[in-house]
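Novice: Build me a model from this:
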Amino acid sequence: MRYNIFIFFTVLYSLSGVCQISDIQNIQKDFTAWSKYQKEQIFLSTDFLPIDENSKVISKESFLTILAEGNFIPIKISDEQNQIKYQLYKILPSSDTSIRATIAQIAFDELHNYKMEGKKFPDFDFKDLEGNSITNKSFLGKITVIKCWYIHCTFCIKEFPQVNALFDKYKSRNDIQFISLAEDNPQQLSTFLKKKPLSYSVVPNMKTYMNEALSLNAFPTHFIIDKNGNILKVLTNFESLELALDKVMKEL
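Specialist: Numbering: from 1, shown residues only. Just a heads-up that it's a prediction; the model follows:
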C-alpha cells in the first residue's frame, strides 16, 4: 500500500480494547488543521497515560522528551473508561514544518514544567497591590492557585473571564486561595485592571522572579500548590488548569 493513500485509522491495543484515532493525514495536512486538533484534544499539562509508537506504556517524562525531539505528534485515544491516553505517531514527511517546530517547543516547555512538579515552590516574600504580605508561609494549610502573566500577553488576558469564573466557583471555600504574579509595575497594573478586572490577588514587578526563580518559558503559566507549599501541577492554559484543579479539590 502506498504511504500517501488516504487512511482512516482504527487502532486496537491490549491495554484498553478498541480505540479510535482521527485521520492522521488530515490532522497534519496543514498547520491550521493541526493547531485546531491540538487546541481541542491535546493537553500535555494534565495527567494522562503516555503510549509510545509501539503501543507500550512509558513514563510521562519519556513521552515529553521524545516529543521535544520533533519527530512525533501526540494523538488522543479514548476508551470505555474515558481515561485520557495519548499515543506517539511519527510526523509525516509531507507535514508542514511548522507543526514539527511547534510540537517540539510545546513539549520542551511542558517537560520543563513537569520536572518542577513535586518540588517546593521557590522562596518569596512579596506584597500584592492591596499591600498584603504574601510569603511561603501564606501557602500552608491551603491549596494555592497561581497565575503568571503580563499586560501585553494576549492569551493571558483572553482567559481572564474563565479564571474569574473559576475563582467564583471556589470563593466560598476557605481551603483555597488565588494569587497572580505579574511582570508589570503597580501603576500599570492598577490602570489596566480597571478595564480588565482580575479576581486573583495581584503581585506586581515579578518579571525577575518569574524568569530566574521559576525559569518560565511561556505565558500564561498556572501553578497548583498543595497545603505544604509543594508544586502539584504546572499548567499552560486554562482548560488544563480547570481539569487539574477540579480533580485536586474533589480529592481533599
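Novice: how many neighbours does G131 have?
Specialist: 6 (other Cβ atoms under 10 Å). Glycine gets a C-beta too; all of them are placed from N, C-alpha and C.
Novice: Does T135 touch K127 like I think?
Specialist: No - shown here, T135 and K127 do not form a contact pair, counting by Cβ atoms under 8 Å, at 9.9 Å.
Novice: you'd agree Q177 is in a strand?
Specialist: Yes - assessed by DSSP: H, G, I helix; E, B strand; the rest coil, Q177 belongs to a strand.
Novice: Would you quantify the distance from I231 to L92?
Specialist: Distance, I231 to L92, using Cβ to Cβ, to the nearest Å: 36 Å.
Novice: same check, this time on K247
Specialist: 34 Å.
Novice: same thing with P122?
Specialist: From P122 to L92 the distance is 41 Å (Cβ to Cβ).
Novice: So these two - more neighbours on which side?
Specialist: Neighbours were counted for P122 and for L92 using other Cβ under 10 Å; L92 has more, 16 against 13.
Novice: what secondary structure does the more buried one sit in?
Specialist: Secondary structure state of L92, per three-state DSSP, is coil.
Novice: how about it, what does it touch?
Specialist: I24, Q25, Q28 (Cβ atoms under 8 Å, 6 or more residues apart in numbering).
Novice: Also K233?
Specialist: S45, E117, H222, F223, I224, A244, V248.
Novice: Just to be sure, it is in a helix?
Specialist: No - counting by three-state DSSP, K233 is not found in a helix; it is strand.
Novice: Y89 contacts I77, correct?
Specialist: No - in this structure Y89 lies outside contact range of I77 using Cβ under 8 Å: 10.5 Å.
Novice: For the two, indicate the residue with more neighbours.
Specialist: Each of Y89 and I77 has its neighbours counted (other Cβ under 10 Å); I77 has more, 21 against 17.
Novice: Please report how far that one lies from L181.
Specialist: In terms of Cβ to Cβ, I77 sits 36 Å off from L181.
Novice: residues touching the closest residue to M206 other than its chain neighbours, list them.
Specialist: Once flanking residues are discounted, M206 sits nearest to L181: 4.0 Å by Cβ to Cβ, 6 or more residues apart in numbering. By Cβ under 8 Å, 6+ apart, the contact list for L181 reads I146, K147, C148, W149, V203, M206, Y209, M210.
Novice: Could you give the bridge partners of L181?
Specialist: Legend: beta-bridge partners of L181 under DSSP bridges are C148, V203.
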